[in-house]
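Colleague: here is a sequence together with a model predicted from it:
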Amino acid sequence: MSLALALAGGLSVSLATASAPEVCRDYECVAIIETDVPCISSFARVTPAAINSAMTVVGKIECITSQTPFRWTPEEGLEFIDIPDMVSGALEDINESGVAVGWAGVSGVGQVGVIVMADGTVETVSAPPGWGYLFFSAINESGDIAGTVTPPASSAASPVLYDPATATFEVFPHPPDTISWAVSGITEDRTILGSVQRLDPISLDGAMLRDGVVELLETDPDARFAVVEGMSVNGVISGYGFASTTSPARPLAWNEDGALIPIQGDPSGRSAAVRGVAPDGWRVGGWQRDGGDNITTTWRPDGWIFAIEPDDRACGFGDLDEAVDMAAGGLLVAEAVHAETNAAVAVVLRAVDAGTAPADLDCDGAVGFSDLLYVLWASQTAHETVADVDGDGDVNFGDILFVVQSWTR
(Lines give C-alpha, C1' and ligand atoms only; values in the text may rest on other atoms or scores of the structure.)
Protein backbone atom coordinates (compact mmCIF):
# COMPACT_ATOMS: atom_id res chain seq x y z
CA MET A 1 0.00 0.00 0.00
CA SER A 2 1.33 3.47 -0.89
CA LEU A 3 1.50 6.33 1.59
CA ALA A 4 -1.10 8.23 -0.42
CA LEU A 5 -3.58 5.37 0.00
CA ALA A 6 -2.79 5.17 3.69
CA LEU A 7 -3.49 8.87 4.13
CA ALA A 8 -6.72 8.63 2.14
CA GLY A 9 -7.87 5.68 4.17
CA GLY A 10 -7.34 7.32 7.53
CA LEU A 11 -4.87 6.80 10.36
CA SER A 12 -4.46 3.68 12.39
CA VAL A 13 -1.29 3.29 14.43
CA SER A 14 -0.19 0.37 16.56
CA LEU A 15 3.10 0.34 18.45
CA ALA A 16 3.14 -3.47 18.74
CA THR A 17 6.20 -4.89 16.96
CA ALA A 18 6.00 -8.58 17.80
CA SER A 19 5.56 -9.54 14.16
CA ALA A 20 8.03 -7.01 12.75
CA PRO A 21 11.03 -8.62 11.00
CA GLU A 22 14.59 -8.67 12.36
CA VAL A 23 16.30 -5.42 11.43
CA CYS A 24 19.83 -5.19 12.88
CA ARG A 25 22.43 -7.79 13.79
CA ASP A 26 25.73 -7.78 15.62
CA TYR A 27 28.12 -10.72 15.33
CA GLU A 28 30.34 -12.55 17.79
CA CYS A 29 33.24 -14.86 17.03
CA VAL A 30 32.50 -18.51 17.75
CA ALA A 31 35.44 -20.49 16.36
CA ILE A 32 38.57 -20.30 14.28
CA ILE A 33 39.39 -23.14 11.87
CA GLU A 34 43.09 -23.59 11.19
CA THR A 35 45.57 -26.31 10.31
CA ASP A 36 49.18 -27.02 11.26
CA VAL A 37 49.95 -28.56 7.85
CA PRO A 38 53.05 -26.66 6.68
CA CYS A 39 53.04 -24.82 3.36
CA ILE A 40 56.03 -22.70 2.22
CA SER A 41 56.56 -19.96 4.86
CA SER A 42 53.38 -20.59 6.86
CA PHE A 43 50.58 -23.15 7.01
CA ALA A 44 48.18 -24.50 4.41
CA ARG A 45 45.20 -22.33 3.54
CA VAL A 46 41.81 -23.20 5.02
CA THR A 47 39.21 -22.31 2.37
CA PRO A 48 35.63 -22.71 3.61
CA ALA A 49 32.74 -23.31 1.20
CA ALA A 50 29.58 -23.86 3.26
CA ILE A 51 28.11 -24.03 6.76
CA ASN A 52 24.88 -25.44 8.23
CA SER A 53 22.96 -24.49 11.38
CA ALA A 54 24.73 -27.24 13.37
CA MET A 55 27.92 -25.23 12.72
CA THR A 56 29.45 -27.89 10.49
CA VAL A 57 31.79 -26.27 7.97
CA VAL A 58 33.09 -27.89 4.78
CA GLY A 59 35.64 -26.78 2.20
CA LYS A 60 39.22 -27.53 1.20
CA ILE A 61 42.77 -27.23 2.53
CA GLU A 62 45.07 -25.68 -0.07
CA CYS A 63 48.83 -25.53 -0.54
CA ILE A 64 50.04 -24.33 -3.93
CA THR A 65 48.28 -26.77 -6.32
CA SER A 66 47.29 -29.32 -3.67
CA GLN A 67 43.64 -29.40 -2.51
CA THR A 68 42.22 -31.70 0.18
CA PRO A 69 38.54 -31.78 1.23
CA PHE A 70 37.76 -31.12 4.89
CA ARG A 71 34.89 -31.11 7.34
CA TRP A 72 34.94 -29.22 10.65
CA THR A 73 32.57 -29.66 13.58
CA PRO A 74 32.68 -28.09 17.07
CA GLU A 75 32.84 -31.59 18.57
CA GLU A 76 35.50 -33.20 16.36
CA GLY A 77 37.41 -30.23 15.02
CA LEU A 78 39.11 -30.42 11.61
CA GLU A 79 38.74 -33.72 9.70
CA PHE A 80 40.50 -34.45 6.41
CA ILE A 81 38.34 -36.50 4.03
CA ASP A 82 40.34 -39.54 3.02
CA ILE A 83 39.70 -40.95 -0.46
CA PRO A 84 42.02 -43.68 -1.80
CA ASP A 85 44.35 -42.51 -4.59
CA MET A 86 42.97 -38.95 -4.38
CA VAL A 87 45.08 -36.32 -6.16
CA SER A 88 42.94 -33.31 -5.19
CA GLY A 89 39.43 -32.54 -4.04
CA ALA A 90 37.03 -30.27 -2.18
CA LEU A 91 33.66 -30.26 -0.46
CA GLU A 92 31.31 -27.61 -1.88
CA ASP A 93 28.03 -27.77 0.06
CA ILE A 94 26.29 -29.27 3.11
CA ASN A 95 22.63 -29.59 4.06
CA GLU A 96 20.91 -29.45 7.45
CA SER A 97 21.13 -33.24 7.81
CA GLY A 98 24.92 -32.97 7.72
CA VAL A 99 25.37 -34.56 4.29
CA ALA A 100 28.15 -32.84 2.31
CA VAL A 101 28.97 -33.06 -1.39
CA GLY A 102 31.95 -32.19 -3.53
CA TRP A 103 34.43 -33.71 -5.94
CA ALA A 104 37.78 -35.47 -6.09
CA GLY A 105 40.37 -36.21 -8.72
CA VAL A 106 41.32 -39.88 -8.36
CA SER A 107 44.41 -41.36 -9.96
CA GLY A 108 43.53 -43.75 -12.77
CA VAL A 109 39.82 -42.87 -12.58
CA GLY A 110 39.42 -39.14 -13.20
CA GLN A 111 37.17 -36.65 -11.45
CA VAL A 112 34.33 -38.15 -9.41
CA GLY A 113 31.53 -36.84 -7.24
CA VAL A 114 31.95 -37.15 -3.47
CA ILE A 115 29.25 -37.62 -0.83
CA VAL A 116 30.15 -37.45 2.88
CA MET A 117 27.38 -38.64 5.21
CA ALA A 118 26.81 -37.12 8.64
CA ASP A 119 28.52 -40.14 10.28
CA GLY A 120 31.63 -39.59 8.15
CA THR A 121 30.98 -42.36 5.63
CA VAL A 122 32.43 -41.37 2.24
CA GLU A 123 30.99 -42.40 -1.12
CA THR A 124 32.47 -41.64 -4.53
CA VAL A 125 30.29 -41.52 -7.64
CA SER A 126 31.67 -41.88 -11.17
CA ALA A 127 30.32 -39.91 -14.12
CA PRO A 128 27.41 -41.50 -16.02
CA PRO A 129 28.27 -43.58 -19.11
CA GLY A 130 29.55 -41.50 -22.02
CA TRP A 131 30.71 -38.63 -19.82
CA GLY A 132 34.16 -37.82 -18.50
CA TYR A 133 34.30 -35.70 -15.36
CA LEU A 134 31.69 -35.32 -12.61
CA PHE A 135 31.48 -32.36 -10.23
CA PHE A 136 28.97 -32.25 -7.31
CA SER A 137 28.38 -28.68 -6.16
CA ALA A 138 25.04 -28.47 -4.29
CA ILE A 139 22.61 -30.53 -2.21
CA ASN A 140 19.10 -29.75 -0.99
CA GLU A 141 17.38 -30.84 2.22
CA SER A 142 15.80 -33.84 0.48
CA GLY A 143 19.23 -35.12 -0.52
CA ASP A 144 19.01 -34.34 -4.24
CA ILE A 145 22.44 -33.42 -5.61
CA ALA A 146 23.21 -31.02 -8.45
CA GLY A 147 26.45 -30.51 -10.34
CA THR A 148 27.97 -30.71 -13.77
CA VAL A 149 29.40 -33.32 -16.12
CA THR A 150 31.74 -32.85 -19.05
CA PRO A 151 32.44 -35.05 -22.10
CA PRO A 152 35.71 -37.03 -22.03
CA ALA A 153 37.59 -34.59 -24.31
CA SER A 154 35.84 -31.30 -23.59
CA SER A 155 35.50 -28.63 -20.90
CA ALA A 156 31.89 -27.81 -21.86
CA ALA A 157 29.94 -28.62 -18.70
CA SER A 158 26.28 -29.63 -18.63
CA PRO A 159 24.09 -29.60 -15.51
CA VAL A 160 23.31 -32.93 -13.88
CA LEU A 161 20.87 -34.07 -11.20
CA TYR A 162 21.79 -37.11 -9.09
CA ASP A 163 19.41 -39.09 -6.88
CA PRO A 164 21.46 -40.97 -4.23
CA ALA A 165 18.47 -43.13 -3.27
CA THR A 166 18.31 -44.71 -6.71
CA ALA A 167 21.87 -43.92 -7.88
CA THR A 168 20.44 -42.42 -11.07
CA PHE A 169 21.47 -39.39 -13.14
CA GLU A 170 19.56 -36.91 -15.22
CA VAL A 171 21.78 -34.88 -17.56
CA PHE A 172 20.51 -31.68 -19.20
CA PRO A 173 22.41 -30.62 -22.33
CA HIS A 174 23.07 -26.89 -22.34
CA PRO A 175 21.12 -24.80 -24.90
CA PRO A 176 22.61 -24.45 -28.42
CA ASP A 177 23.60 -20.79 -27.89
CA THR A 178 25.54 -21.59 -24.70
CA ILE A 179 28.82 -23.42 -24.25
CA SER A 180 28.99 -24.35 -20.57
CA TRP A 181 27.26 -24.32 -17.19
CA ALA A 182 28.45 -23.59 -13.65
CA VAL A 183 26.00 -24.94 -11.03
CA SER A 184 25.75 -23.27 -7.62
CA GLY A 185 22.53 -24.46 -5.99
CA ILE A 186 19.45 -26.66 -5.99
CA THR A 187 16.06 -25.89 -4.43
CA GLU A 188 13.60 -28.26 -2.78
CA ASP A 189 11.59 -28.48 -6.01
CA ARG A 190 14.83 -29.54 -7.78
CA THR A 191 15.33 -26.29 -9.63
CA ILE A 192 19.03 -26.02 -10.47
CA LEU A 193 20.65 -22.60 -10.12
CA GLY A 194 23.81 -21.41 -11.83
CA SER A 195 25.34 -19.46 -14.67
CA VAL A 196 25.61 -20.23 -18.38
CA GLN A 197 28.40 -19.06 -20.65
CA ARG A 198 27.54 -17.70 -24.10
CA LEU A 199 29.77 -16.75 -27.03
CA ASP A 200 27.52 -14.39 -28.99
CA PRO A 201 27.68 -12.02 -27.28
CA ILE A 202 30.40 -13.17 -24.87
CA SER A 203 28.64 -13.19 -21.50
CA LEU A 204 27.84 -15.15 -18.38
CA ASP A 205 24.12 -15.19 -17.61
CA GLY A 206 22.38 -16.20 -14.42
CA ALA A 207 20.07 -19.14 -15.08
CA MET A 208 17.54 -21.52 -13.59
CA LEU A 209 16.89 -25.04 -14.85
CA ARG A 210 13.29 -25.69 -13.83
CA ASP A 211 11.43 -28.82 -14.92
CA GLY A 212 14.07 -29.40 -17.58
CA VAL A 213 13.67 -25.92 -19.09
CA VAL A 214 16.44 -23.30 -18.95
CA GLU A 215 15.24 -19.85 -17.84
CA LEU A 216 17.75 -17.02 -18.12
CA LEU A 217 17.65 -14.39 -15.37
CA GLU A 218 17.23 -10.74 -16.29
CA THR A 219 20.53 -9.15 -17.37
CA ASP A 220 21.94 -6.07 -15.65
CA PRO A 221 23.31 -3.86 -18.47
CA ASP A 222 26.25 -2.91 -16.24
CA ALA A 223 27.05 -6.52 -15.30
CA ARG A 224 26.93 -8.78 -18.35
CA PHE A 225 28.95 -11.43 -16.52
CA ALA A 226 26.62 -12.73 -13.75
CA VAL A 227 27.43 -15.36 -11.12
CA VAL A 228 24.53 -16.90 -9.17
CA GLU A 229 25.31 -18.04 -5.61
CA GLY A 230 21.98 -19.25 -4.18
CA MET A 231 18.29 -18.81 -3.38
CA SER A 232 16.53 -18.24 -0.05
CA VAL A 233 13.23 -19.89 0.87
CA ASN A 234 11.36 -16.69 -0.03
CA GLY A 235 12.51 -17.13 -3.64
CA VAL A 236 15.12 -14.37 -3.75
CA ILE A 237 18.13 -15.35 -5.89
CA SER A 238 21.44 -13.62 -5.20
CA GLY A 239 24.92 -13.37 -6.64
CA TYR A 240 27.15 -10.80 -8.26
CA GLY A 241 28.19 -9.53 -11.65
CA PHE A 242 30.74 -7.38 -13.46
CA ALA A 243 31.03 -5.56 -16.77
CA SER A 244 34.41 -7.07 -17.68
CA THR A 245 37.11 -9.21 -16.12
CA THR A 246 38.89 -6.06 -14.91
CA SER A 247 35.88 -4.11 -13.62
CA PRO A 248 34.56 -4.05 -10.02
CA ALA A 249 31.92 -6.58 -9.00
CA ARG A 250 28.45 -5.51 -7.93
CA PRO A 251 25.86 -7.51 -6.00
CA LEU A 252 22.82 -8.77 -7.91
CA ALA A 253 19.43 -10.05 -6.80
CA TRP A 254 16.48 -11.53 -8.66
CA ASN A 255 12.99 -12.64 -7.67
CA GLU A 256 11.77 -16.20 -8.25
CA ASP A 257 10.62 -15.21 -11.74
CA GLY A 258 14.13 -14.08 -12.69
CA ALA A 259 13.50 -10.32 -12.63
CA LEU A 260 16.13 -8.03 -11.10
CA ILE A 261 15.24 -6.54 -7.71
CA PRO A 262 17.06 -3.86 -5.67
CA ILE A 263 20.17 -4.68 -3.63
CA GLN A 264 22.62 -2.17 -2.22
CA GLY A 265 26.20 -2.13 -3.51
CA ASP A 266 29.38 -0.87 -1.87
CA PRO A 267 28.51 2.64 -0.59
CA SER A 268 31.95 3.85 -1.68
CA GLY A 269 31.44 2.56 -5.22
CA ARG A 270 34.10 -0.13 -5.08
CA SER A 271 33.74 -3.87 -5.65
CA ALA A 272 31.10 -5.86 -3.71
CA ALA A 273 29.79 -9.41 -4.15
CA VAL A 274 27.22 -11.72 -2.54
CA ARG A 275 28.77 -15.14 -1.90
CA GLY A 276 26.22 -16.96 0.26
CA VAL A 277 22.47 -16.96 0.91
CA ALA A 278 20.73 -18.00 4.13
CA PRO A 279 17.27 -19.63 4.11
CA ASP A 280 15.75 -16.54 5.78
CA GLY A 281 16.96 -14.22 3.01
CA TRP A 282 20.02 -12.72 4.73
CA ARG A 283 23.10 -12.78 2.50
CA VAL A 284 26.86 -12.61 3.04
CA GLY A 285 29.90 -11.68 1.00
CA GLY A 286 32.41 -8.88 0.97
CA TRP A 287 33.24 -5.45 -0.33
CA GLN A 288 36.69 -4.17 -1.15
CA ARG A 289 38.53 -1.31 0.53
CA ASP A 290 40.99 1.06 -1.13
CA GLY A 291 43.94 -1.07 -0.09
CA GLY A 292 42.47 -4.14 -1.78
CA ASP A 293 41.34 -5.87 1.44
CA ASN A 294 37.81 -7.27 1.64
CA ILE A 295 35.36 -6.41 4.41
CA THR A 296 33.07 -9.19 5.58
CA THR A 297 29.60 -8.04 4.64
CA THR A 298 25.96 -8.97 5.17
CA TRP A 299 22.83 -7.92 3.33
CA ARG A 300 19.43 -7.85 4.96
CA PRO A 301 16.55 -9.55 3.09
CA ASP A 302 15.55 -6.12 1.78
CA GLY A 303 18.99 -5.65 0.18
CA TRP A 304 20.49 -3.23 2.77
CA ILE A 305 24.26 -3.69 3.17
CA PHE A 306 26.29 -3.82 6.42
CA ALA A 307 29.97 -4.34 7.20
CA ILE A 308 30.92 -6.74 10.01
CA GLU A 309 33.67 -5.46 12.24
CA PRO A 310 33.92 -7.53 15.44
CA ASP A 311 36.91 -7.32 17.77
CA ASP A 312 39.46 -9.04 15.49
CA ARG A 313 42.15 -9.65 18.09
CA ALA A 314 39.73 -11.18 20.56
CA CYS A 315 38.78 -13.69 17.86
CA GLY A 316 42.38 -14.79 17.47
CA PHE A 317 42.89 -13.61 13.91
CA GLY A 318 44.18 -10.50 12.23
CA ASP A 319 41.80 -9.48 9.44
CA LEU A 320 38.39 -10.69 8.41
CA ASP A 321 38.10 -11.21 4.70
CA GLU A 322 35.14 -12.27 2.58
CA ALA A 323 32.27 -14.30 4.05
CA VAL A 324 31.33 -17.27 1.87
CA ASP A 325 28.15 -18.76 3.37
CA MET A 326 25.43 -18.22 5.97
CA ALA A 327 23.14 -20.76 7.66
CA ALA A 328 19.81 -20.34 9.39
CA GLY A 329 19.99 -18.46 12.67
CA GLY A 330 22.73 -16.07 11.56
CA LEU A 331 25.72 -18.45 11.59
CA LEU A 332 28.27 -17.53 8.94
CA VAL A 333 31.73 -18.62 7.88
CA ALA A 334 34.32 -16.20 6.53
CA GLU A 335 37.88 -16.27 5.31
CA ALA A 336 40.43 -14.52 7.54
CA VAL A 337 44.16 -14.01 8.10
CA HIS A 338 45.69 -15.17 11.40
CA ALA A 339 47.30 -12.34 13.37
CA GLU A 340 50.34 -14.34 14.52
CA THR A 341 51.04 -16.92 11.82
CA ASN A 342 49.76 -14.92 8.84
CA ALA A 343 48.05 -18.11 7.70
CA ALA A 344 44.74 -18.09 5.84
CA VAL A 345 42.10 -19.49 8.20
CA ALA A 346 38.32 -19.71 8.45
CA VAL A 347 36.26 -18.01 11.14
CA VAL A 348 32.73 -18.85 12.30
CA LEU A 349 30.61 -15.89 13.44
CA ARG A 350 27.17 -15.91 15.06
CA ALA A 351 24.51 -13.21 14.95
CA VAL A 352 23.53 -11.72 18.32
CA ASP A 353 20.98 -9.16 19.40
CA ALA A 354 22.14 -5.74 18.27
CA GLY A 355 20.12 -4.03 20.99
CA THR A 356 18.84 -1.37 18.60
CA ALA A 357 15.44 0.27 18.54
CA PRO A 358 12.89 -1.33 16.14
CA ALA A 359 12.75 1.91 14.13
CA ASP A 360 16.55 2.11 13.69
CA LEU A 361 16.34 0.79 10.14
CA ASP A 362 19.86 1.75 9.08
CA CYS A 363 21.33 0.23 12.28
CA ASP A 364 23.43 3.30 13.17
CA GLY A 365 22.33 3.29 16.83
CA ALA A 366 19.81 6.12 16.53
CA VAL A 367 16.41 6.81 14.99
CA GLY A 368 16.46 9.81 12.70
CA PHE A 369 15.87 11.28 9.28
CA SER A 370 17.61 8.46 7.36
CA ASP A 371 15.22 5.92 8.91
CA LEU A 372 12.26 8.04 7.86
CA LEU A 373 13.60 8.21 4.31
CA TYR A 374 13.93 4.43 4.31
CA VAL A 375 10.22 4.00 5.16
CA LEU A 376 9.30 6.44 2.39
CA TRP A 377 11.38 4.45 -0.11
CA ALA A 378 10.04 1.10 1.09
CA SER A 379 6.42 2.20 0.72
CA GLN A 380 6.95 2.64 -3.01
CA THR A 381 8.61 -0.71 -3.79
CA ALA A 382 7.26 -4.24 -3.91
CA HIS A 383 10.67 -5.58 -2.81
CA GLU A 384 10.65 -7.28 0.58
CA THR A 385 11.45 -4.78 3.31
CA VAL A 386 11.93 -4.46 7.06
CA ALA A 387 10.19 -1.08 7.14
CA ASP A 388 7.01 -2.57 8.59
CA VAL A 389 8.16 -1.36 12.01
CA ASP A 390 4.68 -1.40 13.57
CA GLY A 391 4.21 -5.03 12.55
CA ASP A 392 0.81 -4.67 10.89
CA GLY A 393 1.88 -6.48 7.71
CA ASP A 394 2.09 -3.39 5.52
CA VAL A 395 4.33 -0.35 5.00
CA ASN A 396 2.19 2.73 5.36
CA PHE A 397 1.63 5.95 7.28
CA GLY A 398 1.56 4.07 10.58
CA ASP A 399 5.23 3.15 10.10
CA ILE A 400 6.12 6.81 9.52
CA LEU A 401 4.42 7.75 12.79
CA PHE A 402 6.23 4.90 14.55
CA VAL A 403 9.60 6.25 13.39
CA VAL A 404 8.69 9.82 14.40
CA GLN A 405 7.56 8.70 17.86
CA SER A 406 10.83 6.76 18.25
CA TRP A 407 12.98 9.74 17.15
CA THR A 408 16.23 10.06 19.13
CA ARG A 409 17.96 12.84 17.23
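Modeller: Here it is on my side, so go on. Residues are numbered from 1 along each chain as shown.
Colleague: show me what contacts Ser370?
Modeller: With contact taken as CB atoms under 8 Å, 6 or more residues apart in numbering, Ser370 is in contact with Leu361, Asp362, Asp364. C-beta: built from backbone N, CA, C; applies to glycine.
Colleague: buried ones among those residues?
Modeller: Taking 16 or more other CB atoms under 10 Å as the criterion, what is buried in the contacts of Ser370 is Leu361, Asp362.
Colleague: quick one: which of the contacts of Ser370 sit in strands?
Modeller: Secondary structure of these is defined by DSSP state E; no position falls in strands.
Colleague: how's the chain carved up into domains?
Modeller: Annotated domains of the chain cover 1-24+355-409, 27-354 [automatic domain parsing].
Colleague: can you map out the strands along the stretch 251-400 of the chain?
Modeller: Along the stretch 251-400 of the chain, the stretches classed as strands by DSSP state E, counting those that start in this stretch are 272-277, 283-288, 294-299, 305-307, 319-326, 331-337, 344-353.
Colleague: return the most buried member of the domains of the chain.
Modeller: Using mean count of other CB atoms under 10 Å, the stretch among the domains of the chain with the largest mean neighbour count is domain 27-354, at a mean of 19.
Colleague: got the contacts of Ser370 as JSON lines, with distance to Leu260 and pLDDT columns?
Modeller: Compiled in JSON lines, the contacts of Ser370 are given as follows (distance: CB to CB, whole Å; pLDDT from 0 to 100):
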{"residue": "Leu361", "distance to Leu260": "23", "pLDDT": "83"}
{"residue": "Asp362", "distance to Leu260": "23", "pLDDT": "79"}
{"residue": "Asp364", "distance to Leu260": "28", "pLDDT": "79"}
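Colleague: and the nearest residue to Gly258 once chain neighbours are set aside, what pLDDT?
Modeller: Setting aside the residues directly before and after it, Gly258 is nearest to Leu217 in space (CB to CB, 6 or more residues apart in numbering), at 4.3 Å. In the prediction, the pLDDT value recorded for Leu217 is 95.
Colleague: also Pro176?
Modeller: Looking at Pro176, its pLDDT is 76.
Colleague: element containing it?
Modeller: Using DSSP states H and E, Pro176 falls within no helix or strand.
Colleague: can we start the residue count at 13 from this point?
Modeller: Let's use 13 as the start, then, which means that last one is Pro188.
Colleague: quick check: bridge partners of Asp232?
Modeller: In this structure, Asp232 bridges to Ala235 when assessed by DSSP bridges.
Colleague: let me fix that: Trp311
Modeller: Counting by DSSP bridges, the residues bridging with Trp311 are Arg295, Ile317.
Colleague: Ile275 is in contact with that one, correct?
Modeller: Yes: counting by CB atoms under 8 Å, Ile275 is a contact partner of Trp311 at 6.3 Å.
Colleague: shared neighbours of these two, which are they?
Modeller: Overlap of the contact sets of Trp311 and Ile275 (by CB under 8 Å, 6+ apart) consists of Ser250, Pro263, Val286, Ile317.
Colleague: go ahead and confirm the last one touches Gln276.
Modeller: Yes: between Ile317 and Gln276 a contact is recorded at 4.2 Å, counting by CB under 8 Å.
Colleague: between these two, what contacts are shared?
Modeller: Pro263, Trp311.
Colleague: returning to that earlier point: mean pLDDT lowest where, among the domains of the chain?
Modeller: Among those, domain 13-36+367-421 carries the lowest mean pLDDT (a mean of 68).
Colleague: now do the contacts for the closest residue to Ile63 other than its chain neighbours.
Modeller: Nearest in space to Ile63, with sequence neighbours left out and distances taken as CB to CB, 6+ apart, is Val345 at 4.3 Å. Val345 makes contact with Pro60, Ala62, Ile63, Val69, Ala335, Val336, Asp337, Met338, Ala358, Val359, Val360, Leu361 under the criterion CB under 8 Å, 6+ apart.
Colleague: redo that, cut-off 6 Å
Modeller: Applying CB atoms under 6 Å, 6 or more residues apart in numbering, we find Val345 in contact with Pro60, Ile63, Val69, Asp337, Ala358, Val360.
Colleague: now do the phi/psi pair for the residue nearest to Met129 when sequence neighbours are not counted.
Modeller: Counting by CB to CB, 6+ apart, Met129 lies nearest to Val111, which is 5.8 Å off, once chain neighbours are set aside. The main-chain torsion angles of Val111 are listed as degrees, to the nearest 10 and equal phi -90, psi 130.
Colleague: please apply the same query to Ser196.
Modeller: For Ser196, the backbone dihedrals (degrees, to the nearest 10) come out as phi -120, psi -20.
Colleague: now do Asp156
Modeller: Per-residue torsions, Asp156: phi -70, psi 140 (degrees, to the nearest 10).
Colleague: turn the shared contacts of Trp311 and Ile275 into a markdown table, including distance to Val137.
Modeller: Converted to a markdown table, these look like this (distance: CB to CB, whole Å):
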| residue | distance to Val137 |
| --- | --- |
| Ser250 | 29 |
| Pro263 | 34 |
| Val286 | 30 |
| Ile317 | 39 |
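Colleague: so which of these is the closest to Glu91?
Modeller: Val286 (28.7 Å; CB to CB).
Colleague: show me what contacts the closest one?
Modeller: For Val286, the set of contacting residues under the criterion of CB under 6 Å, 6+ apart consists of Glu241, Ser250, Gly251, Tyr252, Pro263, Arg295, Gly297.
Colleague: which residues pair with it across the strands?
Modeller: In this structure, Val286 has beta-bridge partners Gly297, where bridges are defined by DSSP bridges.
Colleague: and the strands in the stretch 63-212 of the chain?
Modeller: Chain-ordered strands for the stretch 63-212 of the chain, with DSSP E, counting those that start in this stretch as the definition, fall at 69-75, 78-85, 89-92, 98-106, 112-118, 122-128, 134-137, 145-151, 157-162, 170-175, 180-183, 190-198, 204-211.
Colleague: so which of these is nearest Val42?
Modeller: strand 69-75 (10.6 Å).
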